[in-house]
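Visitor: pasting the structure only:
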């Protein structure tokens with residue numbers, strides 16, 4: 001069989017042809033590889049450079065490679081946080097004509113870390129709780145979309161900083177299945193696998209001395225179940241309110257928005273006696289603040305980052321003389337116009353003030369969040385608002401040099 005490259009972008013095949021497909025992946029020369037931290041995988045995985053992009057290359061049999069490629073494309077279509085599929089390469093042969101395994105190619109997720117790299121320095125229990133929160137949110141989002149993972153674990157997840165928390169991304173979809181809707185049994189099976197896998201991974205870390213002594217691996221494995229169940233119940237439970245109390249429905253929707261979810265469809269039923277109203281959120285989409293920030297400013301950020309940036313944007317708009325209030329009481333510029341002015345006059349100059357060499361793995365939204373946090377800290381200490389410019393200067397001078405080593409990407 002001749003070498004075949006199936007890609008999502010017509011530009012990728014030409015770039016990918018330059019890679020040494022006639023060699024097994026573990027024998028690729030160093031000049032093609034990028035030294036980035038890798039998680040544990042049942043397959044050979046390497047990071048390589050294709051043009052200006054860093055790609056992850058995973059070697060596996062032809063059928064599962066094609067299947068995972070299509071599953072990742074499906075997840076991308078429905079907006080699930082997962083690695084971005086770029087191509088699948090089949091029909092590989094060695095220099096002697098011997099057949100080689102196919103490969104799946106995904107885009108490297110910038111600023112992300114596998115969990116083992118995060119444990120190179122012992123994580124505090126509070127940080128581990130945030131990892132469990134991120135993984136629980138990812139699993140709920142998958143299940144709401146009808147995706148049964150079949151192998152939820154820390155090893156199959158990448159984590160990115162998200163305004164003091166973390167955002168989790170699915171890496172390995174090889175065992176997944178996409179359905180119109182999942183049954184309670186399918187969800188329970190996925191959750192039980194997650195509990196067992198996470199406990200086992202933490203026990204492995206404990207044996208190597210990389211786990212905080214106060215962390216119980218079994219308890220943390222069980223914690224994912226509790227966090228998942230609490231979030232799932234809040235997103236899907238049926239509410240019964242007194243007739244006429246429609247603001248209760250609005251309050252429930254706002255609570256879901258605070259969790260980062262939009263209600264895209266709902267079911268409202270009046271009781272036959274007219275005394276009560278039953279409310280059921282039928283379709284819940286994640287990324288409420290992400291979408292709002294993108295609509296207003298064009299900035300693409302993680303959910304918690306977006307929430308923080310929106311709060312700062314609203315505070316800034318309230319100080320502008322031409323701000324048009326939501327109720328229309330004051331004439332002036334529309335929020336969309338002011339939002340783009342905020343990006344141009346506040347966000348971009350602030351981020352650009354931080355030297356690129358000191359940013360490490362942080363993206364622009366995370367840098368801005370860190371600067372807002374530092375401004376709050378300094379203002380609390382000074383008992384007055386010290387201003388963003390002063391906070392930036394102090395952050396560059398006193399904070400970033402100390403954090404430089406931890407912010408720099410880890411190498412193998």
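Guide: Yes, it's here. In this text, all values refer to a predicted model and were calculated from it rather than measured experimentally.

Visitor: all helices for the stretch 101-250 of the chain, in order.
Guide: 115-118, 125-144, 184-208, 217-236, 246-258 (DSSP state H, counting those that start in this stretch).

Visitor: TSV for those helices, including mean neighbour count, distance to residue 319 and mean pLDDT?
Guide: Heads up, the C-betas are built off the backbone N, CA and C, glycines and all. As requested, the helices of the stretch 101-250 of the chain are exported to TSV (neighbours: other CB atoms under 10 Å; distance: least, CB to CB, whole Å; pLDDT from 0 to 100):
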stretch	mean neighbour count	distance to residue 319	mean pLDDT
helix 115-118	20	39	83
helix 125-144	20	32	90
helix 184-208	16	46	93
helix 217-236	16	35	91
helix 246-258	14	24	83
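
Visitor: Helices of the stretch 301-412 of the chain, start to end?
Guide: Ranges of helices within the stretch 301-412 of the chain are 303-318, 335-342, 348-352, 364-382, 388-394, 400-407, based on DSSP H, counting those that start in this stretch.

Visitor: will you turn those into CSV that also has distance to residue 165?
Guide: Converted to CSV, the helices of the stretch 301-412 of the chain look like this (distance: least, CB to CB, whole Å):
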stretch, distance to residue 165
helix 303-318, 5
helix 335-342, 23
helix 348-352, 20
helix 364-382, 10
helix 388-394, 21
helix 400-407, 17
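
Visitor: what about this structure, any weak spots by pLDDT?
Guide: 1, 11-12, 120-122, 322-333, 403-412 (pLDDT under 70).

Visitor: Next, name the residue at the spatial heart of it.
Guide: By CA atoms, centre = their mean, the chain has its centre lying nearest to residue 167, at 3.6 Å.

Visitor: Residue 279 falls within a strand, correct?
Guide: Yes. Residue 279: assigned to a strand according to DSSP: H, G, I helix; E, B strand; the rest coil.

Visitor: Next, the contact list for it, please.
Guide: 238-241, 248-249, 252, 266-268 (CB atoms under 8 Å, 6 or more residues apart in numbering).

Visitor: if we can go back for a sec, pretty sure the residue nearest to the centre of the chain is touching residue 306, no?
Guide: No. Contact between residue 167 and residue 306 fails when scored by CB atoms under 8 Å: they sit 10.7 Å apart.

Visitor: shared neighbours of these two, anything?
Guide: Common neighbours of residue 167 and residue 306 (CB under 8 Å, 6+ apart) do not exist.

Visitor: separation between the residue sitting furthest away from the middle of the chain and residue 243?
Guide: Centroid-distance maximum for the chain: residue 273 at 45.9 Å, with CA atoms, centre = their mean. In this view, residue 273 and residue 243 are 9 Å apart by CB to CB, to the nearest Å.

Visitor: again with residue 227
Guide: Distance from residue 227 to residue 243, by CB to CB: 34 Å.

Visitor: Equivalent analysis for residue 33, please.
Guide: Counting by CB to CB - residue 33 and residue 243 are separated by 66 Å.

Visitor: Which of those two has more residues huddled nearby?
Guide: Taking other CB atoms under 10 Å, residue 33 and residue 243 do not tie; residue 33 has more neighbours (15 against 12).

Visitor: thinking the more buried one is in contact with residue 47, fair?
Guide: Yes. Using CB under 8 Å, residue 33 makes contact with residue 47 at a distance of 6.4 Å.

Visitor: For stretch 264-284, which residues meet the burial criterion?
Guide: Buried residues in stretch 264-284, counted by 16 or more other CB atoms under 10 Å: 277, 279, 281, 284.

Visitor: show me what contacts the third one?
Guide: Counting by CB under 8 Å, 6+ apart, residue 281 touches 235-236, 252-253, 256, 263, 265-266.

Visitor: Return the two entries of the contacts of residue 279 that lie farthest from one another.
Guide: 248 and 267 (15.3 Å; CB to CB).

Visitor: Go through the buried residues of stretch 264-284 and say which is closest to residue 117.
Guide: Nearest member of the buried residues of stretch 264-284 to residue 117, counting by CB to CB, is residue 284, at 32.2 Å.

Visitor: ok, back up a step: reformat the contacts of residue 281 as TSV; add distance to residue 299.
Guide: Output for the contacts of residue 281, formatted as TSV (distance: CB to CB, whole Å):
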residue	distance to residue 299
235	26
236	30
252	28
253	24
256	23
263	24
265	27
266	29
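
Visitor: Done for today, thanks.
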